[in-house]
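S.K.: no sequence on this one, just coordinates:
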Ligand SMILES: O=c1ccn([C@H]2C[C@H](O)[C@@H](COP(=O)(O)OP(=O)(O)OP(=O)(O)O)O2)c(=O)[nH]1
Ligand SMILES: [Mg+2]
């Protein structure tokens, strides 16, 4: 079931507005707004500008995710796993990129380097308790990290 949401977007990049590549794409690709090609050296962290600024309603976040093709072929990953764009962020969206392979990667100006997925989130109203007994007991208990086997 498709949900839609209005998102204001300011495009200060040298490229067209981000566009979903197919009707069913969950992610919309973001381009590297760089003037010249950039050599992404192995194991170094880069902050890549996109020239894109957005505003979305409270209750919606944007997740920045890697592109699988670049990951598989060239080892390009996001250092922060999934980037979180808060709905109150008014700055430029940046991509925090790392090259996990041993060979350099040549990033071209305007190359689609990551994708952005919009998502609803839930804000917690924390209710502090004083001891672990106040958390409902469960079948799992404190088992985790593979305790149920492979
Ligand atoms: O990949 C990312 C991750 C974050 N941001 C921007 C939007 C986000 O709303 C803001 C803060 O991100 P986050 O909360 O992940 O970083 P922080 O280290 O906790 O910084 P802050 O103290 O500003 O929240 O930085 C990006 O442009 N790209
Ligand atoms: Mg933060």
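M.R.: That came in fine, so what should we check first? As the structure is a prediction and not an experimental result, all values here were calculated from the model. Ligands and ions are numbered 1, 2, ... in the order given.
S.K.: centroid-nearest residue for this protein?
M.R.: residue 64 (1.4 Å; CA atoms, centre = their mean).
S.K.: give the contact list for it.
M.R.: The contact partners of residue 64, by CB atoms under 8 Å, 6 or more residues apart in numbering, come to 30, 78, 82-85, 93, 95, 114-116. Just so you know, the C-beta spots here come from the backbone N, C-alpha and C atoms, and that holds for glycine as well.
S.K.: and ligand 1, which of these contact it?
M.R.: 83-85, 93 (CB under 6 Å from any ligand atom).
S.K.: tell me the one of those residues nearest ligand 1?
M.R.: residue 83 (2.3 Å; CB to the nearest ligand atom).
S.K.: how about that closest one, nearest residue that isn't a chain neighbour?
M.R.: In space, and not counting its chain neighbours, residue 83 is closest to residue 64: 3.2 Å by CB to CB, 6 or more residues apart in numbering.
S.K.: what pLDDT does that neighbour get?
M.R.: With respect to pLDDT, residue 64 has a value of 98.
S.K.: distance of the residue lying farthest from the centre of the chain relative to residue 127?
M.R.: Seen from the C-alpha centroid of the chain, the residue lying at the greatest distance (CA atoms, centre = their mean) is residue 133, 36.7 Å away. Residue 133 sits 15 Å away from residue 127, going by CB to CB, to the nearest Å.
S.K.: over to the residue farthest from the centre of the chain. Which of the three states is it?
M.R.: helix (DSSP: H, G, I helix; E, B strand; the rest coil).
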